[in-house]
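# Okay, sequence plus prediction incoming.
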Amino acid sequence: MTAATVKFTIAFDDPDLDDEEKDEQVQRLIDDLEEMDEVDTVGRVLDPNPPEGNKAIGGVLAGLLMTQVSVANALKLLVFLGDRLGGKPIELEVEANGKKLKVKAHSREELEAAIKAAQAFVAA
């Protein structure tokens with residue numbers, strides 16, 4: 001990650017969904033983000049400690065995705081996330097300029113407040 005890049009980690013945090021349903025939401029969001037010109041990279045978060053006997057080349061953590069954008073496109077991504085994820089319980093971690101901000105949102109209002117905090121954080 002370069003200094004001019006912002007990394008977002010998004011965790012779907014709905015206790016009513018099982019891991020498979022969270023992964024379905026992650027895949028839909030990944031598909032949408034891959035279509036955005038503003039997004040540099042997007043993908044699942046690899047499990048640093050996959051279960052023993054796992055035959056896959058590294059497992060992924062359920063309900064998590066990571067995306068990177070330029071600082072200039074961070075605001076566009078945050079607006080998109082606000083439109084796309086409003087009302088869904090999520091945890092959003094933003095990493096920029098060597099600093100991290102972690103916020104949780106369980107409603108559209110909380111997500112809007114989290115996005116404003118993230119925007120201020122990225123701009124700082």
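Arrived safely, thanks for sending.
# mind listing the strands for this structure?
Under the criterion DSSP state E, the chain contains strands at 5-12, 39-46, 60-70, 90-96, 99-105.
# what's the burial count for the spatially closest residue to residue 20 that is not a sequence neighbour?
Closest residue to residue 20 apart from its sequence neighbours, by CB to CB, 6 or more residues apart in numbering: residue 62 at 7.9 Å. Where C-beta positions appear, they are placed from N, C-alpha and C, glycine not excepted. Residues lying near residue 62 (other CB atoms under 10 Å) number 18.
# show me the contacts for residue 62.
Each residue near residue 62 by CB atoms under 8 Å, 6 or more residues apart in numbering is listed here: 19, 20, 22, 23.
# Also residue 63?
11, 12, 13, 17, 19, 22, 23, 25, 26.
# Only the buried subset of those residues, as a PyMOL command please.
Applying 16 or more other CB atoms under 10 Å to the contacts of residue 63, the buried members can be selected in PyMOL as follows:
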select buried, resi 11+12+13+17+22+23+25+26
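# Greatest separation within the contacts of residue 63: which pair is it?
Using CB to CB, the two most remote members of those are 13 and 23, lying 13.5 Å apart.
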